[in-house]
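Asker: Sequence first, then the predicted structure:
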Amino acid sequence: MRYTRQEVLHRFGISNAQLARWINRGIVPRSIIPPTGIRRDAYYTDYHIDRIEAIVATLIDGRVTINDLRERFHYEANPHLLDDGDTFDGLE
C-alpha cells in the first residue's frame, strides 16, 4: 500500500521534523519517488509503516536510543554480519 507523508505523520502522531530526523539518522528509509521524478508524488510503503511502528514502540520504553535502533535495523538487514557465538578468537 502507498501512504503520503501526511498520512504517516497523522497515523503516528509525529511531526514532520521528527520523521525527517529519523530519515537523516538512517533508521527510516527515504520515501519512494515515482518514476516520474515528481517529489510531491513521493510515497511510503508498508515497510516504512512497520519500521516506524517499531521505532515508536521501542522509544516509548525509554531505555533504547536512536543509535541502538540504527544498530538493530542494520543487523536485521544484514544478518550475515552477526557473530553466531561459536568462536572466541581462538579460544575453545
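Answerer: Here it is on my side, so go on.
Asker: CA only for contacts and neighbour counts going forward, please
Answerer: Fine.
Asker: quick one: residue 42 and residue 36 touch, right?
Answerer: No: if you go by CA atoms under 8 Å, residue 42 and residue 36 don't touch, sitting 9.8 Å apart.
Asker: Comparing those two, which residue is more hemmed in?
Answerer: residue 42 (18 against 8; other CA atoms under 10 Å).
Asker: need the contact list for the nearest residue to that one once chain neighbours are set aside.
Answerer: Nearest residue to residue 42, sequence neighbours excluded (CA to CA, 6 or more residues apart in numbering): residue 33, at 4.4 Å. Going by CA atoms under 8 Å, 6 or more residues apart in numbering, residue 33 touches 39, 41, 42, 43.
Asker: now those residues as a markdown table including pLDDT and distance to residue 18?
Answerer: What follows is these, written out as a markdown table (pLDDT from 0 to 100; distance: CA to CA, whole Å):
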| residue | pLDDT | distance to residue 18 |
| --- | --- | --- |
| 39 | 88 | 19 |
| 41 | 91 | 20 |
| 42 | 94 | 18 |
| 43 | 96 | 17 |
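Asker: can you pick the most crowded of these?
Answerer: For these, the largest neighbour count, defined by other CA under 10 Å, is 20 neighbours, found at residue 43.
Asker: Now do that residue against residue 56, distance only.
Answerer: Computed as CA to CA, to the nearest Å, the residue 43 to residue 56 distance reads 20 Å.
Asker: still on that earlier bit, using a markdown table, lay out the contacts of residue 33 together with distance to residue 52 and secondary structure.
Answerer: What follows is the contacts of residue 33, written out as a markdown table (distance: CA to CA, whole Å; DSSP: H, G, I helix; E, B strand; the rest coil):
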| residue | distance to residue 52 | secondary structure |
| --- | --- | --- |
| 39 | 21 | helix |
| 41 | 20 | helix |
| 42 | 17 | coil |
| 43 | 14 | strand |
